[in-house]
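Engineer: sharing a sequence plus its predicted fold:
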Amino acid sequence: VQLQASGGGLVQAGGSLRLSCEASGSIFSIYVMGWYRQAPGKQRELVARITSGGSTNYANSVKGRFTISRDNAKNTVYLQMNSLKPEDTAVYYCNAELLSVYAARRREYWGQGTQVTVSS
């Protein structure tokens, strides 16, 4: 199982970016997909997550600015980030809780990080 993230980059404050993350491999079912971020010197924190049924939750700091969505047919999760602020600068990691066809129980998988830099 692999999670491939894309879409990071450099943007000015107030701008927008869209992150994508596709899960691939021997997947039986994906339960939750989400995005976390880690800024230099800080712990990794949850940004947003979405269940297979479409329920979402967000970090307070991004509510109203970020929108998470997923395409279950494509095993892909998206994060639309609007009104970006310099404090959103971090490495963003996608995450999925899923059941592999070869596993007896579900577990978490992580994608490689993608850098988001917001300049002031």
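Structural biologist: Yep, it's here. The model shown is predicted, which means the values in this text are computed figures rather than measured ones.
Engineer: just checking, what packs against the helix or strand in which V116 is found?
Structural biologist: According to DSSP states H and E, V116 maps onto strand 114-119. Secondary-structure packing of strand 114-119 (3 or more Cβ pairs under 8 Å, 6 or more residues apart in numbering; DSSP states H and E): strand 9-12, strand 17-24, strand 90-100. To be clear about C-beta, it is placed using only N, CA and C from the backbone, and glycine gets the same treatment.
Engineer: what do you get if the cut-off is 10 Å, keeping everything else the same?
Structural biologist: Applying 3 or more Cβ pairs under 10 Å, 6 or more residues apart in numbering; DSSP states H and E, one finds that strand 114-119 contacts strand 2-6, strand 9-12, strand 17-24, strand 27-38, strand 76-81, strand 90-100.
Engineer: mind putting those into a markdown table with mean pLDDT, distance to S52 and mean neighbour count?
Structural biologist: Output for the helices and strands packed on strand 114-119, formatted as a markdown table (pLDDT from 0 to 100; distance: least, Cβ to Cβ, whole Å; neighbours: other Cβ atoms under 10 Å):
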| stretch | mean pLDDT | distance to S52 | mean neighbour count |
| --- | --- | --- | --- |
| strand 2-6 | 96 | 16 | 17 |
| strand 9-12 | 98 | 29 | 13 |
| strand 17-24 | 98 | 12 | 19 |
| strand 27-38 | 97 | 6 | 19 |
| strand 76-81 | 98 | 11 | 22 |
| strand 90-100 | 97 | 10 | 21 |
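Engineer: figure out which of those is closest to R44.
Structural biologist: Of all the helices and strands packed on strand 114-119, strand 27-38 sits nearest to R44, with 4.2 Å by Cβ to Cβ.
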